[in-house]
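Asker: Sharing a model prediction with you, sequence too.
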Amino acid sequence: MKKNVGSTDKIIRIVLALVLAYLYYANILTGTLGIVAVVVGAIALLTAVMNFCPLYSLIGANTNKK
């Protein structure tokens, strides 16, 4: 897998994952919407850690400057 997630993109994904997790665990987002938020946050965190986004590969995007 070729890295296609840059540092700014990585920080945004991590912050998004943390915010969504907080909203779920603080019972602000509940039910189906809460579960969807947790799944989206987990995907964002996973792609940030791996420095690879499959969706970026499909559309040919690359935020990694190196």
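Answerer: Perfect, thanks for sending it.
Asker: got a pLDDT number for the residue nearest in space to the middle of the chain?
Answerer: Of all residues in the chain, the one closest to the mean position by C-alpha atoms, centre = their mean is Ala44, 1.3 Å from it. In the prediction, the pLDDT value recorded for Ala44 is 96.
Asker: wouldn't it be in contact with Val19 here?
Answerer: No: in this structure Ala44 lies outside contact range of Val19 using C-beta atoms under 8 Å: 9.9 Å. Backbone N, C-alpha and C define where each C-beta goes, glycine included.
Asker: Could you list the alpha-carbon positions for stretch 22-39 in CSV?
Answerer: Output of stretch 22-39 as CSV, limited to C-alpha atoms (Å, rounded to 0.1, in the frame of the first residue of the first chain):
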residue,chain,number,x,y,z
TYR,A,22,-16.8,11.7,22.7
LEU,A,23,-20.3,12.5,21.2
TYR,A,24,-21.2,8.8,21.4
TYR,A,25,-19.9,8.2,24.9
ALA,A,26,-21.4,11.4,26.3
ASN,A,27,-24.8,10.1,25.0
ILE,A,28,-25.2,13.1,22.6
LEU,A,29,-25.4,10.8,19.7
THR,A,30,-27.4,7.7,20.5
GLY,A,31,-29.1,4.8,18.7
THR,A,32,-28.4,4.2,15.0
LEU,A,33,-26.8,7.6,14.5
GLY,A,34,-24.4,6.9,17.4
ILE,A,35,-23.3,3.6,16.0
VAL,A,36,-22.8,5.1,12.6
ALA,A,37,-20.7,7.9,14.2
VAL,A,38,-18.5,5.3,16.0
VAL,A,39,-18.0,3.3,12.8
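Asker: in that stretch, what's buried?
Answerer: Of all the residues in stretch 22-39, those buried under the rule 16 or more other C-beta atoms under 10 Å are Leu23, Tyr24, Leu29, Gly34, Ala37, Val38.
Asker: next one: stretch 42-53
Answerer: Within stretch 42-53, the residues that qualify as buried are Ala44, Leu45, Thr47, Ala48, Asn51, Phe52, Cys53, counting by 16+ other C-beta under 10 Å.
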